[in-house]
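[1] Task: produce atomic coordinates for the following.
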Amino acid sequence: MPGAALARRSADKPAPIVRRHRPGVNDVQAGAVFRAVRLRHGWSQGQAAAAAGMCRSVVSSIERGKFEETSFRAARRLAAALGISMTVETRWRGAESARLLDEKHALLVRAVVGRLATQGWQPLPEHTFSIYGERGSIDVLAWSPANRAVLAIEVKTRLPDIQDLLSTMDRKRRLLRTIARAEGWSPLFQASVLVLPEETWARHAIRRFDTVFDAALPARTIEVRHWLDRPQRDLRGIWFLLDDGTGSRKRDLHGSMRVATRRPGAAAVGPRSAAARGAAAPGESGSQ
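    Prediction:
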């Protein structure tokens, strides 16, 4: 039968190879960059592997664009050894991912402004400056009249480029007293503080580059909070802050959840004592 003969001929043919295209990722091109840079260094694959602390076969897989055969960590290690800058761009529903990040940033700025205002500071969010031709903006610029202290806060909800972040903060710190005088303030003390959300990824990022951050921003949350209460010296530090909102609705940076209010006279849940609760202010971690 003609139909049966056609089926036999089709069965004899090899199945076509279907390559699925992953939008936004060109593995072959990325691998070619690794290979080109390695050759520019004059290295063999074995030498590049030794510099990155991995097997030669891993280098080979990366250069051939077979990233699924290795790990992102291995690619980053090889990139660091070769001096390649890797940038990972994540997208979700077009521009909606950018709006999510903007909203998260705005929530954290609002939490900073609210906290400073309750402690007697005069916060100015999104403050722009132009000093000697250097222009920029400070997420939160704050002034304490009682202590004659000025504070520049950089709010980050992600850390894509640590070197650029620290360079930018250092530039603003050097200009801070001049920026303050332009506002009519005469500061005795100043502080440059990086505010990060109280989230696991943020603490892991700081811990991973601890030597860099310990040198550039040595103070941590508890020390920063003490400084905000009573500034008596210049300070550079990191403040992990949780936006918990106010009232009976507990908020975090991803959304909110209802918190049941306890009836008067009802027993407290859990053994945690009042003394233990006093170790950390609401919305902040007591750990450094």
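
[2] So which bits of the lengthiest helix in the chain are buried?
    Ordering each helix of the chain by length in residues (DSSP state H) puts helix 96-118 first. Within helix 96-118, the residues scored as buried using 16 or more other Cβ atoms under 10 Å are K104, H105, L107, L108, V109, A111, V112, V113, R115, L116. (Each C-beta comes from the backbone N, C-alpha and C, glycine too.)

[3] Can you give the distance of it from its chain's centre?
    The chain centroid and the centroid of helix 96-118 are separated by 14 Å under Cα atoms, centre = their mean, to the nearest Å.

[4] Mind checking what helix or strand follows it in sequence?
    Note on helix 96-118: by DSSP states H and E, the next helix or strand toward the C-terminus is strand 122-131.

[5] elements contacting that following strand?
    Secondary-structure packing of strand 122-131 (3 or more Cβ pairs under 8 Å, 6 or more residues apart in numbering; DSSP states H and E): helix 96-118, strand 134-144, helix 162-182.

[6] which ones are touching F240?
    V195, L196, P197, E198, A202, R203, R220, T221, E284, S285 (Cβ atoms under 8 Å, 6 or more residues apart in numbering).

[7] I'd say the fourth one and L242 touch.
    Yes: taking Cβ atoms under 8 Å as the contact criterion, E198 and L242 are neighbours in contact, 3.9 Å apart.

[8] tell me the contacts of the residue nearest to R35 when sequence neighbours are not counted?
    The shortest distance from R35 to any non-neighbouring residue, by Cβ to Cβ, 6 or more residues apart in numbering, is to E63 (4.1 Å). Listed by Cβ under 8 Å, 6+ apart, the contact set of E63 reads G31, A32, F34, R35, R38, Q45.

[9] Swap in 7 Å and give it another go.
    By Cβ atoms under 7 Å, 6 or more residues apart in numbering, the contact list for E63 reads G31, F34, R35.

[10] what does G237 give?
    Under the criterion of Cβ under 7 Å, 6+ apart, the contact list for G237 reads V193, L217, P218, A219, R220, E223, V224.

[11] Tell me where the model's unsure across the stretch 1-150 of the chain.
    1-25, 87-101 (pLDDT under 70).

[12] Quick one: distance of the helix or strand that A49 is a member of to the chain centre.
    If you go by DSSP H and E, A49 is part of helix 45-52. Averaging C-alpha positions (Cα atoms, centre = their mean) puts helix 45-52 30 Å from its chain's average.

[13] mind listing what's buried in the next helix or strand after it?
    The first helix or strand that comes after helix 45-52 along the chain, using DSSP H and E, is helix 56-63. For helix 56-63, burial by neighbour count (16+ other Cβ under 10 Å) applies to V58, V59, S60, S61, I62, E63.

[14] what do you get for stretch 225-240?
    Applying a neighbour-count criterion of 16+ other Cβ under 10 Å, one finds R225, W227, L228, P231, D234, L235, R236, G237, I238, W239, F240 buried in stretch 225-240.

[15] any idea of the angle the helix or strand hosting the third one forms with strand 134-144?
    L228 belongs to helix 221-229 when elements are defined using DSSP H and E. Per axes from the mean of the first three to the mean of the last three Cα atoms, to 10 degrees, the angle that helix 221-229 makes with strand 134-144 is 70 degrees.

[16] Determine which two of the buried residues of stretch 225-240 are furthest apart.
    D234 and F240 (20.8 Å; Cβ to Cβ).

[17] Sort out which residues of the helix or strand encompassing A32 are buried, please.
    With secondary structure defined by DSSP H and E, A32 is part of helix 27-41. Using 16+ other Cβ under 10 Å as the test for burial, helix 27-41 gives A30, G31, V33, F34, R35, V37, R38.
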